[in-house]
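[1] could you look at this predicted model? Sequence included:
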Amino acid sequence: MTLTDIRPEPTTSGARVPSPDASAPAAPSGMLPLSLFGIPLGLAGLGAGWSAARVTLGAPSWPEEVLYGVASAIWLGLTTIYLLRGLRRKGAFRADLRHQVAGPFASFIPLVGILLSAHYSEYLPTLGAWVCIAFIAALAVVATKLFAHWVTGGVSMQSIHPGYFLPVVAGSFVASIGFSSVHAHDAALAAFGIGAFFWMVVGTVVTVRLMTAGELPPAARTGLSAYLAAPATASVAWMVSHPGPIGALQLGLTGVLIIMLLMQLLLIGEYRKLAFSPLFWVFTFPVATTANYAVRWFAASNLPGREIYSWTVLALATAFILIIAGRSVAASIAGKSEKRQNHARVPV
């Protein structure tokens, strides 16, 4: 099951809320599930972690290049399929963007584009900078369309989930990182301010929903990792825009990240109750970005043994994402095998 497998059902008040037990098409518009873009997002996030390790620890460059290369190939393939299917279905893009549950995941497409173009701008500075800015503009369009839809009665309280952090909060901080990578310092600060604003506004709404509007359906619980994505992306964004000694704001962001990391550790018991699905890739970007920040933070600190800590965190994040990838491949192979067996049983 994925987040897009939840069909909204009418309530007595006329609002439509997701039902955890309902079945639906693989995507709200019948196109490619937007949650699949969490795969290249997680891989690109881990590539950024290895990039930080190359700069601060002297790590080899091939892990980051492999990760970015695989992320690029998957992202290009998924984006091409998604766009081609969307062009053949009138109103499909609009339906995906306005979907109460899956809509926020539309931001994954430009988010990955920002991360990839920021990386490859090291090799093609001028072209990479323009492409990065174009993806930031695309993310701004998606995020503002989503927010305008939300504030004009487009969603019910019970349909809101932590994934709403991603377009306007984590997305703004990733945009700040992208601006810093192309040396647009003022724009990076502006994007950081946007992320901070939405962190307070959307974060309050999401938390109130979780505390008062009932339990999340199982398929939406992986989205709780977005509570880690917000401070992780904010911490990296501020550090890359303010290189040098760790300041007061950086320490404050680090504290928020640590408490959100502890919350995720306490939620492991809840996560273990969930059946494995492609939605587990939602975990990978917050984990990878946290490792990215840890590597940078340890390098800027004076802690004894900081290199050991950095390598340990990066190794754990890499192992975690490789396990998710391995289980995904195994599940895909098992699914294809089951389909062949079912087809073989059908009488001619």
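    Okay, I see it.

[2] pretty sure Phe296 is touching His242, no?
    Small correction: residue 296 is Arg, not Phe. No: applying CB atoms under 8 Å as the test, Arg296 and His242 come out as separate, 11.4 Å apart. Every C-beta, even on glycine, is put in place using the N, C-alpha and C of the backbone.

[3] so for those two, which sits in the more crowded spot?
    For Arg296 versus His242, neighbours defined as other CB atoms under 10 Å are more numerous around Arg296 (22 against 17).

[4] whichever strand or helix holds that one - contacts with which helices or strands?
    Under the criterion of DSSP states H and E, Arg296 resides in helix 284-300. Counting by 3 or more CB pairs under 8 Å, 6 or more residues apart in numbering; DSSP states H and E, the packing neighbours recorded for helix 284-300 are helix 38-57, helix 226-241, helix 248-266, helix 306-345.

[5] the third one vs helix 226-241, what angle?
    Between the direction of helix 248-266 and that of helix 226-241, the angle (axes from the mean of the first three to the mean of the last three CA atoms, to 10 degrees) works out to 150 degrees.

[6] what does helix 248-266 rub up against?
    224-225, 227-228, 230-232, 234-235, 238-239, 242, 246, 286, 290, 293, 297 (CB atoms under 8 Å, 6 or more residues apart in numbering).

[7] pLDDT on it, on average?
    For helix 248-266, mean pLDDT is 94.

[8] past that helix, which element shows up next along the chain?
    Counting by DSSP H and E, what follows helix 248-266 is helix 268-271.

[9] so what touches that following helix?
    Outside helix 268-271, the residues within contact range by CB under 8 Å, 6+ apart are 221-222, 224, 283.

[10] can you say which of those residues are buried?
    221-222, 224, 283 (16 or more other CB atoms under 10 Å).

[11] tell me the pLDDT of the residue most central in space within the chain.
    With distances taken as CA atoms, centre = their mean, the residue of the chain nearest its centroid is Phe285 (5.2 Å). pLDDT, Phe285: 94.

[12] that one touches Ile39, doesn't it?
    No: here Phe285 lies out of contact with Ile39, judged by CB under 8 Å, at a distance of 10.0 Å.

[13] for the stretch 1-150 of the chain, which segments count as strands?
    8-10, 16-18 (DSSP state E, counting those that start in this stretch).

[14] ok, Gly244 to Ala299 distance?
    12 Å (CB to CB, to the nearest Å).

[15] out of those two, which sits in the busier spot?
    Ala299 (16 against 8).

[16] what's the spacing between the residue nearest to that one when sequence neighbours are not counted and Leu274?
    Of all residues not flanking Ala299 in the chain, Thr56 sits nearest, at 3.7 Å (CB to CB, 6 or more residues apart in numbering). For Thr56, the distance to Leu274 (CB to CB) stands at 35 Å.

[17] more neighbours, the two?
    Comparing Thr56 with Leu274 by neighbour count (other CB under 10 Å), the higher total belongs to Thr56, at 17 against 14.

[18] just the pLDDT for the closest residue to Glu122 other than its chain neighbours.
    Nearest residue to Glu122, sequence neighbours excluded (CB to CB, 6+ apart): Gly128, at 7.3 Å. Per-residue pLDDT puts Gly128 at 88.

[19] didn't Gly128 look like it was pressed against Val182?
    Yes: applying CB under 8 Å as the test, Gly128 and Val182 come out as touching, 7.2 Å apart.

[20] list residues touching both of these two?
    118, 121.

[21] any idea whether Gly178 is helix, strand or coil?
    Classification of Gly178 by DSSP: H, G, I helix; E, B strand; the rest coil places it in helix.

[22] going forward, begin numbering at 455 instead of 1
    Done: numbering now begins at 455, and the last item shifts to Gly632.

[23] picking that back up, Leu570: which of the helices and strands packed on helix 738-754 is closest?
    Judged by CB to CB, the one of the helices and strands packed on helix 738-754 that comes nearest to Leu570 is helix 492-511, at 6.0 Å.

[24] and the closest one, what's buried?
    So for helix 492-511, counting by 16+ other CB under 10 Å, buried means 492-508, 510-511.

[25] that one vs helix 760-799, what angle?
    Using the same axes, to 10 degrees: helix 492-511 against helix 760-799 is 160 degrees.

[26] tell me what helix 492-511 is packed against?
    Right, helix 492-511 is packed against helix 516-541, helix 562-574, helix 738-754, helix 760-799 by 3+ CB pairs under 8 Å, 6+ apart.

[27] and it, how far out from the chain middle?
    Relative to its chain's centre, helix 492-511 lies at 13 Å (CA atoms, centre = their mean, to the nearest Å).

[28] average pLDDT across that helix?
    Mean predicted lDDT for helix 492-511 stands at 94.

[29] same thing with stretch 788-796?
    65.

[30] next: stretch 755-774.
    92.

[31] cool, stretch 669-681 as well?
    82.

[32] please identify the buried residues of it?
    Going by 16+ other CB under 10 Å, stretch 669-681 has these buried residues: 670-681.

[33] same check, this time on stretch 682-698
    Using 16+ other CB under 10 Å as the test for burial, stretch 682-698 gives 682-696.

[34] tell me the one of those nearest Val605?
    The closest of those, once distances to Val605 are taken by CB to CB, is Ala684, at 19.6 Å.

[35] touching, the closest one and Gly657? I think so.
    Yes: using CB under 8 Å, Ala684 is in contact with Gly657, at 7.0 Å.
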